[in-house]
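**Student:** Need a 3D model of the sequence below.
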Amino acid sequence: MYIHLTTHSAFSLQEGLSTPADLVKAAQAGNMPALGLTDRNLLTGVIEFATACKEANIQPIIGLEIYLNDGPVNLLAISLEGWSCLCRLSSAINLRENPDAPCTLEMLAACSSDLIALTK
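**Tutor:** Numbers count the residues shown, from 1 in each chain. Alright, predicted model coming up:
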């Protein structure tokens, strides 16, 4: 069984086209028991995603894609503490003068509890 762990929704500007609810519908049509959402630097679609997953009886996997100097890293929360870290990290990235600049390792280390990192 294949489960998408790193999907992008329309909230990842120029990287995803579907709404979080549309992604869940596609996962449901494919009989997937779980689905991950890892929009770039933002958690904006997570509430819509989690709500749609609950209605479709699909396990939501909440994540965030960030960019380091070496490229993208997808971070998946494994607990409420991990979700909290994703929130803090997303906020820190987007409150910088240049939100598109790569995330520093120091910033990631400060917000890394209960996260799984996936690289390409």
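**Student:** which stretches of the chain have low pLDDT?
**Tutor:** For the chain, no stretch has pLDDT under 70.
**Student:** for stretch 98-112, which positions count as buried?
**Tutor:** For stretch 98-112, a neighbour-count test (16 or more other C-beta atoms under 10 Å) marks 103, 107-108, 111 as buried. All C-beta atoms are positioned from the backbone trio N, CA, C, and that covers glycine.
**Student:** Please disregard the earlier target; I meant stretch 34-50.
**Tutor:** 35-43, 45-46, 48-50.
**Student:** Ends of that stretch, what's the gap?
**Tutor:** 11 Å (C-alpha to C-alpha, to the nearest Å).
**Student:** what about the strands in this structure?
**Tutor:** 34-37, 59-68, 71-77, 115-119 (DSSP state E).
**Student:** Which of these sits closest to Glu97?
**Tutor:** Across these, Glu97 has its closest neighbour in strand 59-68 (16.0 Å, C-beta to C-beta).
**Student:** ok, Pro60 to Cys53 distance?
**Tutor:** Distance of Pro60 to Cys53, given as C-beta to C-beta, to the nearest Å: 4 Å.
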